[in-house]
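S.K.: Sequence and predicted model, in that order:
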Amino acid sequence: MRLERDCIGELPVPDDALYGIHSLRAVRNFPITEERVNPVMIESYLQIKKAAAMANVEAKTLDKQKGAFIVAAVNQLLFSKDYRSIIVPAIQGGAGTSTNMNVNEVVAHLASRLSGRDGHQPLMIHPNDDVNQSQSTNDTYPTAGKMAMLKLISPLETALTELIDALDAKAAAYRDAIKVGRTQLQDAVPTTFGRSFRAYRSLFSRDLSRIKDVKRTLAEVNLGGTAIGTGINTTSTYQRRVVPILNQLSHLSLTTAGDLVDATQNSDAYVAFSGVLRALAVDLSKFSNDLRLLSSGPQAGLNELQLPKVQAGSSIMPGKVNPVIPEVVNQVAFEVIGHDTTVTLAAEAGQLELNAFEPIMFKSILTSETHLTKAIKTLVVNCINEMTANVDGCRDEVERSTISATVLSPYLGYEKTTSLIKEAAAKHLSVRRLVKSRHLLADELIDQLFSPASLTHQAPADKMLGDLTATAHH
């Protein structure tokens, strides 16, 4: 064991550990969850440390040799993706200081070890003075958080695009397949599956646009602002160079915020992004609700859609199959909506020059991005792609539906049509048959009105009135 000291006192640390006293204190102080910092955020933090070292070497405030070993240590960690030494919990007090110091300690200790290879005297590379030079938790932590959010947007966009394409394919396949529409769970005028799937496509296309729009906000970072955005303990060279170097390393398009104090103390960017994820979650949940309703049955439900059978649905009822894929998407949506509430409250609770609650915001948002991406992927692969519509059954339902008689209103009037619908329902007759038996309209016009094309896209009444060959009896 080695003995390390900080402003609180001393603590023994295992000799072979790359982490140090600050990391150990965090593990002991925050036994809330075993979940550690998101690996994408760790990767982003390491890229920040590398960019900072390179910028500080350019500014001649960091020894060139030390800078080279810091870069070598970061490269080794990034290449191996071995982040086991980043031991601090994702939920932590201190506005992310524990995460920053954990990274500083690991990079410093590994850099020192690398400098001592081949019989050389190890360099004393300090976590604060060298690895954290020109930095603060308050500018590196939010920058790493935003970088991680941006990196996780790409797979989310890909998954969402695949969902949109799958709905496009279903809209084309069932373009003319007629079905009963529903409002407030009651029969409404007919529509087609093509229109329904196209409407869902439009819904998720808007979600995709909102995600693309919010990326510009997330790309504005406060790196170089240090403690509260004033840039204390930095050089002009560092402030000018650190973000461009970081972009080269991360392949992102980050920009330095115009007001570093504002970017350090305010969290509206996270609220905005979380809100976009919440909107997507709400839309996915509504869509999943519709899938479960439309596939209900098969004997005693709507049975308009047949979802793929992916697993047995009951331990007691043989042959029962449940809509498990929409169900899991629903649950992810509930989680994301809850995360958004957490982000909202955390952002509102920030005080003065810094928000102390970024750790829970970042954990919530990064989890939401990851889970939404995976939920959409399983929805497309295990549900939408192989989903089929009950075309014949839905057509029969339209023909039996009294609500289809809505097409008669422009010719017979609302009250007369209502009376016919009630009579047809009471006598278990089709409205079409009843109208023909009363000779209220010409048979040819009645057939035209009740055709699938007319029921799903009613021609203007004034155009069809000219086709009347019998007079309506009012």
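M.R.: Right, received. Where do you want to start?
S.K.: can you give me the helices in the stretch 151-300 of the chain?
M.R.: Under the criterion DSSP state H, counting those that start in this stretch, the stretch 151-300 of the chain contains helices at 193-218, 236-250, 260-265, 268-294.
S.K.: In contact with Asn104, which residues?
M.R.: Residues in contact with Asn104 (C-beta atoms under 8 Å, 6 or more residues apart in numbering) are His22, Lys49, Pro127, Asn128, Val131, Asn132. All C-beta spots, glycine's among them, are computed from the backbone N, C-alpha and C.
S.K.: Tabulate the helices of the stretch 151-300 of the chain (a markdown table), appending mean neighbour count, mean pLDDT and distance to Glu369.
M.R.: Putting the helices of the stretch 151-300 of the chain into a markdown table (neighbours: other C-beta atoms under 10 Å; pLDDT from 0 to 100; distance: least, C-beta to C-beta, whole Å) gives the following:
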| stretch | mean neighbour count | mean pLDDT | distance to Glu369 |
| --- | --- | --- | --- |
| helix 193-218 | 17 | 97 | 10 |
| helix 236-250 | 18 | 98 | 17 |
| helix 260-265 | 19 | 97 | 21 |
| helix 268-294 | 20 | 98 | 7 |
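S.K.: Relative to Ser288, which of the contacts of Asn104 is nearest.
M.R.: Comparing the contacts of Asn104 against Ser288 with C-beta to C-beta picks out Lys49 as the nearest, at 41.7 Å.
S.K.: Chain neighbours aside, what residue packs nearest to Gly194?
M.R.: Spatially, and ignoring its direct neighbours in sequence, Gly194 is nearest to Arg175 (3.6 Å; C-beta to C-beta, 6 or more residues apart in numbering).
S.K.: Wait, the one you found touches Ser196, no?
M.R.: No - contact criterion C-beta atoms under 8 Å: Arg175 and Ser196 do not qualify, at 10.8 Å.
S.K.: So what's the gap between stretch 398-408 and the chain middle?
M.R.: Taking C-alpha atoms, centre = their mean, to the nearest Å, one finds stretch 398-408 lying 40 Å from the centre of the chain it belongs to.
S.K.: ok, how many other residues are close to the nearest residue to Asn38 once chain neighbours are set aside?
M.R.: Of all residues not flanking Asn38 in the chain, Leu366 sits nearest, at 4.6 Å (C-beta to C-beta, 6+ apart). By the criterion of other C-beta atoms under 10 Å, Leu366 has 22 neighbours.
S.K.: One more: Asn56?
M.R.: Counted with other C-beta under 10 Å, Asn56 comes out at 27.
S.K.: isn't it right up against Tyr238?
M.R.: Yes - with contacts counted by C-beta under 8 Å, Asn56 reaches Tyr238, the gap being 6.0 Å.
S.K.: where do the contact lists of those two overlap?
M.R.: Each of Ser134 lies in contact with both Asn56 and Tyr238 under the rule C-beta under 8 Å, 6+ apart.
S.K.: List of residues touching stretch 10-29?
M.R.: For stretch 10-29, contacts defined as C-beta under 8 Å, 6+ apart pick out 1-6, 8, 85-89, 92-94, 97-98, 101-102, 104-106, 109-110, 127.
S.K.: re earlier: go through the helices of the stretch 151-300 of the chain and name the closest to Val407.
M.R.: Among the helices of the stretch 151-300 of the chain, helix 193-218 comes nearest to Val407, with 16.7 Å by C-beta to C-beta.
S.K.: which residues touch the closest residue in space to Lys179 that isn't next to it in sequence?
M.R.: Among residues not flanking Lys179 along the chain, Cys394 sits closest, at 4.0 Å (C-beta to C-beta, 6+ apart). Cys394 makes contacts with Ala177, Ile178, Lys179, Val180, Phe193, Glu304, as judged by C-beta under 8 Å, 6+ apart.
S.K.: tell me the contacts of the fourth one?
M.R.: In this case it means Val180. Applying C-beta under 8 Å, 6+ apart to Val180 gives the contacts Asp187, Ala188, Pro190, Thr191, Cys394, Glu397, Val398, Ser401, Ile403.
S.K.: how does it look with 6 Å?
M.R.: Listed by C-beta atoms under 6 Å, 6 or more residues apart in numbering, the contact set of Val180 reads Asp187, Pro190, Glu397, Val398, Ser401.
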